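In: here you go, sequence then predicted model.
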Amino acid sequence: MIRDLQKTVGALIDKCSIAQLCYLDKDGFPVTRAMLKPRERHDLREFYFTTNTSSEKVSALRNNPKASLYFVDRRFFRGVSLAGVAEILEDAATKERIWREGDEQYYSKGVTDPDYCVIKITVQKVRYYSNFKSTDFNV
């Protein structure tokens, strides 16, 4: 039995360099996209990612905000699936907070680039997989 499930899952997430973002496309089919690790996370409740405002995923998430994230530790064959609701944030304060040096390579006009936005995922449920067992919990 895991003593502190949230701490264990948080450590797994923090070690991952890639997150898998899943959403439904305009035709209702599931899509999975690899994303760079979250720029910010608040416990297991909120995750923030940068992306292009013009991307298909932003359009799809505006249409249907239900989404999930998956993080995997391939070495120990364990992972965590987090399901929740996405918001597309374009306010200056959030964009400036999430911005990092070097982001100009993706958003040539800088932090005010209209093609730069932030995806916030607010998690509602979590499923942790380890040792061929899964554990569901709410955050």
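Out: Alright, I've got the coordinates. Numbering: from 1, shown residues only.
In: what about the longest helix seen in the chain, distance to the chain center?
Out: Longest helix in the chain, counting residues (DSSP state H): helix 5-15. Here the centre of helix 5-15 is set off from its chain's centre by 14 Å, with C-alpha atoms, centre = their mean, to the nearest Å.
In: so the residue nearest to Ile18 when sequence neighbours are not counted is in which element?
Out: Excluding its sequence neighbours, the residue lying closest to Ile18 (C-beta to C-beta, 6 or more residues apart in numbering) is Ala34, at 5.2 Å. For glycine as for every other residue, the C-beta is placed from the backbone atoms N, C-alpha and C. Element membership for Ala34, per DSSP states H and E: strand 30-36.
In: which is the next helix or strand following that strand?
Out: From strand 30-36, the next helix or strand downstream (DSSP H and E) is strand 40-42.
In: so the lowest-mean-pLDDT helix or strand in the chain versus helix 5-15, what angle?
Out: Scoring the helices and strands of the chain by mean pLDDT, DSSP states H and E places strand 133-137 at the bottom, with a mean of 88. Put simply, strand 133-137 runs at 110 degrees to helix 5-15, going by axes from the mean of the first three to the mean of the last three C-alpha atoms, to 10 degrees.
In: in its sheet, which strands sit next to strand 133-137, and in what direction?
Out: strand 116-130 (antiparallel) (DSSP bridges).
In: on that earlier part again, with just CA atoms, put the longest helix of the chain into PDB.
Out: Taking Å, rounded to 0.1, in the frame of the first residue of the first chain, the C-alpha atoms of helix 5-15 are listed here in PDB:
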ATOM      1  CA  LEU A   5      -0.500   8.500  -3.100                       C
ATOM      2  CA  GLN A   6      -0.600  12.200  -4.000                       C
ATOM      3  CA  LYS A   7       3.100  12.600  -3.300                       C
ATOM      4  CA  THR A   8       4.000   9.400  -5.200                       C
ATOM      5  CA  VAL A   9       1.900  10.400  -8.200                       C
ATOM      6  CA  GLY A  10       3.300  14.000  -8.100                       C
ATOM      7  CA  ALA A  11       6.900  12.600  -8.100                       C
ATOM      8  CA  LEU A  12       6.100  10.400 -11.100                       C
ATOM      9  CA  ILE A  13       4.700  13.500 -13.000                       C
ATOM     10  CA  ASP A  14       7.600  15.700 -12.100                       C
ATOM     11  CA  LYS A  15      10.100  13.100 -13.500                       C
END
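In: great, nothing more from me.
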